[in-house]
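**Student:** I need the structure of the sequence given here:
(2 chains)
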Amino acid sequence: MVCRIEVALKSEFADSKAADIAKKVRADYGLDGLLDVRRAHVYGFEDNLTQPEAHLVAKEVLADALSQKFALNQPVEINFAGAIEIGFRPGVKDNVGETAQLAASEAIGRPLEGGVFTSTLYFFYGEAKLDEALAKKISEGLLCNPLIERHRLIRMQDIGHYYANPVLPKAGMGAKGSVFEVPLPDDENELEKISKRRLLALDAKEMKVIAGHYRREDVRRERAAAGLGIHPTDVELECVAQTWSEHCKHKIFNALIDYEEEDETGDEKKTEEKTSKDGKNEKSKKGKKSKKTPIRQKIDSLFKTYIAGTTHKIKSAQPYLLSVFDDNAGILALDEDWALAVKVETHNTPSALDPYGGALTGILGVNRDVLGTGLGAKPIFNTDVFCFADPFYKGAVPPRLLHPRRVFEGVRAGVEKGGNASGIPTVNGSIYFDERYLGKPLVYCGTGGLMPRNLSEGRKGHLKNVKPKDRIFMVGGRVGKDGIHGATFSSEGLHEGSPTSAVQLGDPFTQKKMLDFLLESRDRNLHSGLTDDGAGGLSSSVGEMAQLTNGAVLHLERCPLKYPGLDPWEIFVSESQERMTVAVPAPKAGEFAALAAEHGVEATDLGEFTSSGYLEVFYHNHAVARLNLHFLHKGLPRMHLSAVWTEAELEEPSEEELADAILDGNVEKTEASKNPTLALLELLARPNICSKESVIRQYDHEVQGMSVIKPLCGKKASGPSDAAVLQPLPGKPMGIAVSHGLCPRAGDIDPHGMAQLAVDEAVRNYVATGGDPAHWGALDNFCWPDPVRSEKNPDGPRKLAALVRANQGLAQSCLAYSLPLISGKDSMKNDYAYGGIRISVPPTLLVSVCGVMKDAARAVSSDFKQADDVIYALGRTYDEMGASEYYAMFGQLGAHLPRVRLEDNIRLYRHLHHAMERGLVASAHDCSDGGLAVALAECAIGGQLGCRVHLNHLLCEGKMSPAHMLFSESAGRFVVSVHPSDCARFEAMMQGTPYGRIGSVSEGEEFAIGASHADQSIKTTVETLEKSFKKTITW
Amino acid sequence: MAEKPRACILTGFGINCEQETAHALEMAGARCELVHFNKLQADGGEALGQYQIFMLPGGWAFADDIQSGRVLANKFRFKLQEPLRKFIDSGKPVVGICNGFQVLAQLGALPGWDKWESRELTLMTNRNGRFENRWVRLRTEASACPFAQDMDLLTLPVRHGEGQMALASPKTLDKLEEGEQIVFRYASARDGLKADSYPDNPNGSADAIAGICNEAGNVMGMMPHPECHVRYLQSPNWTERPPKAQEKGGFLSSLSSMLGAKEKAPQDAGNCRALFEGIVESAKKF
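**Tutor:** Numbers count the residues shown, from 1 in each chain, chains lettered A, B, ... in the order given. Got it, this is the predicted structure:
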């Protein structure tokens, strides 16, 4: 008999979340007569608790004596009209249930039989006629994610039956444990079928290579000797598929690529027309391009050519780069004693299916990457960048997708739990909106971790030291069916057959215990290496670490399972979360296990590292896999792809087009193109620019006490900061600055420019807060639509060409800025295909920059500091409105993308940095989305101070209209303010860089940007600006 | 020089502010050890007696599952109750911050009435239903707490989802007042008086109560994080008055903070350092 305990708030206490739900149900589901909704937490115990035990558990463990009430095996509320219970589907990790089980058993002083399963009950009051159909609609629309949760309706007449027959979502019944051989035929179609059926995500060519390997005589002989058949076992095939997945091996970034740019002939006339129309532009890019001869180029690996190749060319960075592209994260030396490991990951597909779980596991995953770097680093910050479709999207949502607002809220909640509960501050991030992220949201999760460079007994913190005979421990969570095929699944687009087992719920509690344990183990010299069990699970973590010694032996039956019923291949590839694989020298295994026990962490010895050249896997002493490591890691055939670049045909919009545009269907706003004040207020409210304060505040951005520049700045903390600055080491003045740049819309004009703009934006943000542009590193994260040509994806070659161009742009920028790339990740299948609908994300590159500043006390925030400070616009403004937010506001893209003048910019950045080091800059803010006007407005909102600026003093190239001066998004620019007494020294330091002294900060509310014509000026108040800035995102 | 008081900083099970809490106490002159709950439990809690200060830092013990602080509180109740009572009865300072406060409140050690049996107050989900990270001001009330006396207005962050002080009845408030058990109240940004509304009172706490102590005064719990404002650069507004640029790095300031010396200029310290100095001072007599 199951024991069911319901806990609810007493009626005198308000429940704001339930009240929100009531409001939404009334409004969106037509239940006008609904008076109220109340919630209850339900705990279902498999154990047959005695009555006194159940009472003790309810009273002492589950319910708060003052604010809550409880009921045993009956509803905790009365007189409701109906109720809906939301519980997990079988096999989904129930974290609260696990905690309740532990707490209950400690309270009653005996272990519990079976599990504890939690659910949530929503009681509906008033005239609320709930039937099955409506309950399903409300549940799936508002209360649960049907992929991982299920609902049950409780009608009044069913209560007796319902409570007499409780249902628990018990998973994994029945013992399994079988291994099958999978014969691989010659026929390519048959091979592809096998790949599809088993979700291997391998193509025919790759399958053929595997088949060929197993046909080799020497391989057959060896296998026979090891007791294995001639065909691959399912364990082996799955392991190869995981290892060879796009996710793990980055096949596209390592491919041979034939790249060509198509000749633009016969288009001379149009180009000329454009140049004359925009004669005021310095040089028309198109004009230049059209004279070019077609380019053909063979690229031998994008990664080697543009990423690693770039870093190796930057001489000035080599002294502080400790490890790049080898380990789970890039490692920068901070000083002689400390280093910083940094990694940024994406978790897009899981977040599309279950935004909360996807984001949560994404964060915990990248935390483990950093923990698993070298001998272990302690995560000290998270960064989170999201790309969603418009949260106010009004169109139909295609099947299997969630409304962007739900995706947003789910991801946000996942970050809140993942970061906050792990005690890692979320210090920097942004949210970018574009309708094409409807098919797949992009969820970038980054982490930086601190590691000592020198550890006891001469060990280096950044070096693993795994030796043959070291034991292989699996540490942390247990293995279940959740997360099987995550790596292969994320190597495909989202389609009908996407497995739901790839969705997981992370458990920050288990992970935090593991983290504390492993850092102590590191300091006590108990392990020689460690890595995350992420994509591909044990197959990939052990498979990769085995390369360090050239072999490993693993016994899968020793692996602790969440429930019985897993086949060996499932144990091997499951991506169940919160696990690490740790190498422990045999003599220290006992001490390691004892320390694990002290921390309440499960650690299991699964085998040992060897030097045999093979990954050997056993299940109850039967060989189930024997894989040649060389074949496993080097046997993968290289892709050979073609990329063809054709430029988009684009034009600048005419003034009439802007004037006629109706913004968001709102007629009142049509004046914006003629009224810059209105335009500025509209821009400030746009989702891409508006304040993210409500989101930021729900993240703990200060835990660990290192925060120096926080995400919000200024008197009322309403100004946006450009980057985060941390002071990580007590007693040392050193700071770390963390920033990022992302400009997907620019890619619609030119991906090369997009990449350069993203680098420039990240660098500007970094420099604006005081980061040193001589001791830094960048991380590249490409999220692309599928760039491989296929029947369904005919324009693959152009998408691949876009990728090539973005890489070239990135490499050029990094070389010019002496900015080494230290780590990166790519995600190449960000498409949605269902029925006839195909939605692809715009090619998106996130550039994250982090580095060192000598003294965190020289950090600068973006808010204006005091009246009479002089305002400078640094950098030159060009008529470059292409891909601007201003154009986007009118539904236009434009053609003239801001050009990144690399040499000019880096000179300016270095001068500015030196001025900051001398304390000459009171505030600095980068000019990006929305241009100069938005930057000024944000400085004013932060400082709660007005300003008087005149465009006459702005340094512009050629004759520009005031609107373009205000809203052009030319790169390489800042708004800074300087105390009048520092101006002379500041100007002296900025000698040789372009700047204009454009006005001053003023006491009071008035915000004025003058132009030659009064009707082209901006005049408003800081309060009005702030209202616009804060009104859009309030949840 | 008198020996530095030894502080036991509880760690493990999802506690996550132990490092900065230890740092704050060390700045104030304590010697800190991070001790896992299981380690304390290993010898039946005997080891606790050798410390002069017991800190329960912030964090997410047991992921805040069921109710913040409850599961860890129960662990104390069922595994370490007697050693903790002994420590508390000896008068040594015990401080719970954020999650640590929630633990002490769930345990009944705060307010500590009826031998910890009283359940007249609790910490509930914030009024607006959200976790919030926000800087607030605290006024120090006249209380029985020996280490929180005569302090200026403190500025520091709250970072919690369940920090709303709820009282069983108006009588509970009277009882707290009479016992001088209210240590901190959220203060208004306007005038520094008791906050009357959100966001000055960030979670909707009854009578703007942010921190309380037991009747003896040696056990104190508070929701905001004082350990996050012991250095000047931790303040959200320090860039308004940055420390003067030195021609040569911050060598002197780094040296002095390494030695744990009090920095002279008020701007070098966060304004919550006084609280930790108070804790260390009151521990010295044990």
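**Student:** so what's A:Ser316 up against?
**Tutor:** A:Ala774, A:Ser818 (C-beta atoms under 8 Å, 6 or more residues apart in numbering or on different chains). Just so you know, the C-beta spots here come from the backbone N, C-alpha and C atoms, and that holds for glycine as well.
**Student:** mind doing that once more with 6 Å?
**Tutor:** A:Ser818 (C-beta atoms under 6 Å, 6 or more residues apart in numbering or on different chains).
**Student:** okay, whichever residue of chain A sits closest to chain B: pLDDT?
**Tutor:** Taking C-beta to the nearest C-beta, chain B has its nearest neighbour within chain A at A:Gly423, 2.4 Å off. Confidence at A:Gly423, expressed as pLDDT, is 96.
**Student:** kindly report the same for B:Pro236.
**Tutor:** pLDDT, B:Pro236: 94.
**Student:** B:Trp135 is in contact with that one, correct?
**Tutor:** Yes. The criterion here is C-beta atoms under 6 Å, and B:Pro236 meets it with B:Trp135 at 5.3 Å.
**Student:** all strands in the stretch 151-286 of chain B, in order from the N-terminus.
**Tutor:** B:154-160, B:164-167, B:182-187, B:209-213, B:219-222 (DSSP state E, counting those that start in this stretch).
**Student:** what's the fourth one in contact with?
**Tutor:** The one in question is strand B:209-213. B:110, B:138, B:143-145, B:165, B:181-186, B:220, B:222-224.
**Student:** next one: phi and psi at the nearest residue to A:Ile252 once chain neighbours are set aside?
**Tutor:** In this structure, A:Ile252 finds its nearest non-sequential neighbour in A:Met828, 5.1 Å apart by C-beta to C-beta, 6 or more residues apart in numbering or on different chains. The phi/psi pair for A:Met828 (degrees, to the nearest 10) reads phi -110, psi 0.
**Student:** quick one: A:Met828 from A:Pro785, how far?
**Tutor:** Noted for A:Met828: a distance of 8 Å to A:Pro785, by C-beta to C-beta, to the nearest Å.
**Student:** ok, now B:Leu34?
**Tutor:** Applying C-beta to C-beta to B:Leu34 and A:Pro785 gives a distance of 48 Å.
**Student:** residues of the stretch 51-200 of chain B that sit close to chain A?
**Tutor:** Residues of the stretch 51-200 of chain B found near chain A (C-beta under 6 Å from any C-beta of the partner chain) are B:59-60, B:62-63, B:65-67, B:71, B:74, B:78, B:119, B:122, B:124, B:129-134, B:157, B:159, B:166, B:168.
**Student:** list only those of those residues flagged as buried.
**Tutor:** Burial by neighbour count, 16 or more other C-beta atoms under 10 Å in any protein chain shown: within those this picks out B:59-60, B:62-63, B:65-67, B:71, B:74, B:119, B:122, B:124, B:130-134, B:157, B:159, B:166, B:168.
**Student:** quick one: which of those sit in helices?
**Tutor:** Counting by DSSP state H, those place B:Val71, B:Asn74 in helices.
**Student:** from the buried ones among the residues of the stretch 51-200 of chain B next to chain A, which land in strands?
**Tutor:** Judged by DSSP state E, strands contain the following of these: B:Thr122, B:Met124, B:Glu132, B:Asn133, B:Arg134, B:Pro157, B:Arg159, B:Ala166.
**Student:** what is the neighbour count of residue 210?
**Tutor:** Chain wasn't specified; assuming chain A. 25 (other C-beta atoms under 10 Å in any protein chain shown).
**Student:** wait, chain B
**Tutor:** B:Ala210 - counted by other C-beta under 10 Å - has 30 other residues nearby.
**Student:** name the nearest residue to it, sequence neighbours excluded.
**Tutor:** B:Phe184 (4.2 Å).
**Student:** point to the residue nearest the middle of chain B.
**Tutor:** B:Ile97 (3.3 Å; C-alpha atoms, centre = their mean).
**Student:** who's in contact with that residue?
**Tutor:** B:Pro57, B:Gly58.
**Student:** go with 7 Å
**Tutor:** B:Ile97 makes contacts with B:Cys17, B:Thr21, B:Pro57, B:Gly58, B:Met222, B:His225, B:Pro226, B:Glu227, as judged by C-beta atoms under 7 Å, 6 or more residues apart in numbering or on different chains.
**Student:** narrow those residues to just the buried residues.
**Tutor:** Buried among these by 16+ other C-beta under 10 Å: B:Cys17, B:Thr21, B:Pro57, B:Gly58, B:Met222, B:His225, B:Pro226, B:Glu227.
**Student:** got these as CSV, with pLDDT and distance to A:Lys715 columns?
**Tutor:** Formatted as CSV, the buried ones among the contacts of B:Ile97 follow (pLDDT from 0 to 100; distance: C-beta to C-beta, whole Å):
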residue, pLDDT, distance to A:Lys715
B:Cys17, 96, 27
B:Thr21, 97, 29
B:Pro57, 98, 30
B:Gly58, 97, 26
B:Met222, 98, 25
B:His225, 98, 21
B:Pro226, 98, 22
B:Glu227, 97, 24
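**Student:** could you list the low-pLDDT ranges of the stretch 1-150 of chain B?
**Tutor:** Within the stretch 1-150 of chain B, the ranges that satisfy pLDDT under 70 run B:1-2.
**Student:** same thing but at 50, please
**Tutor:** B:1 (pLDDT under 50).
**Student:** all strands of it, in order?
**Tutor:** Under DSSP E, counting those that start in this stretch, the stretch 1-150 of chain B gives strands at B:6-11, B:31-36, B:53-56, B:94-97, B:121-124, B:132-140.
**Student:** picking up where we left off before, more neighbours: B:Leu34 and A:Pro785, which one.
**Tutor:** A:Pro785 (26 against 20).
**Student:** the closest residue to chain A within the stretch 1-150 of chain B: how many residues sit nearby?
**Tutor:** Closest to chain A within the stretch 1-150 of chain B is B:Asn16: 2.4 Å, counting by C-beta to the nearest C-beta. When neighbours are defined as other C-beta under 10 Å, B:Asn16 has 25 of them.
**Student:** residues in contact with stretch A:564-575?
**Tutor:** A:172-179, A:234-235, A:238-239, A:242, A:479-481, A:483-484, A:486, A:534-539, A:556, A:559, A:617, A:619, A:624.
**Student:** please check those and keep the buried ones.
**Tutor:** Applying 16+ other C-beta under 10 Å to the contacts of stretch A:564-575 flags A:172, A:179, A:234-235, A:238-239, A:242, A:479-481, A:483-484, A:486, A:534-539, A:556, A:559, A:617, A:619, A:624 as buried.
**Student:** which of those fall in strands?
**Tutor:** A:Val617, A:Tyr619, A:Val624.
**Student:** my read is that the first one contacts A:Val624, right?
**Tutor:** It refers to A:Val617. Yes. Using C-beta atoms under 7 Å, A:Val617 makes contact with A:Val624 at a distance of 5.3 Å.
**Student:** what touches both of these two?
**Tutor:** With C-beta under 7 Å, 6+ apart as the test, A:Val617 and A:Val624 both reach A:Val235.
**Student:** so how far is stretch A:563-572 off the chain centroid?
**Tutor:** Remark: stretch A:563-572 is offset 29 Å from the chain centroid, using C-alpha atoms, centre = their mean, to the nearest Å.
**Student:** what count of nearby residues applies to the residue of chain A closest to chain B?
**Tutor:** 25.
**Student:** quick check: closest non-adjacent residue to it.
**Tutor:** Once flanking residues are discounted, A:Gly423 sits nearest to B:Asn16: 2.4 Å by C-beta to C-beta, 6+ apart.
**Student:** next: A:His925.
**Tutor:** That would be A:Ser862: by C-beta to C-beta, 6+ apart, it lies 3.8 Å from A:His925.
**Student:** just the element for the closest residue to A:Asp926 other than its chain neighbours, please.
**Tutor:** Of all residues not flanking A:Asp926 in the chain, A:Arg764 sits nearest, at 3.8 Å (C-beta to C-beta, 6+ apart). A:Arg764 is part of helix A:751-769, with elements assigned from DSSP states H and E.
**Student:** what do you get for A:Glu190?
**Tutor:** If you go by DSSP H and E, A:Glu190 is part of helix A:188-197.
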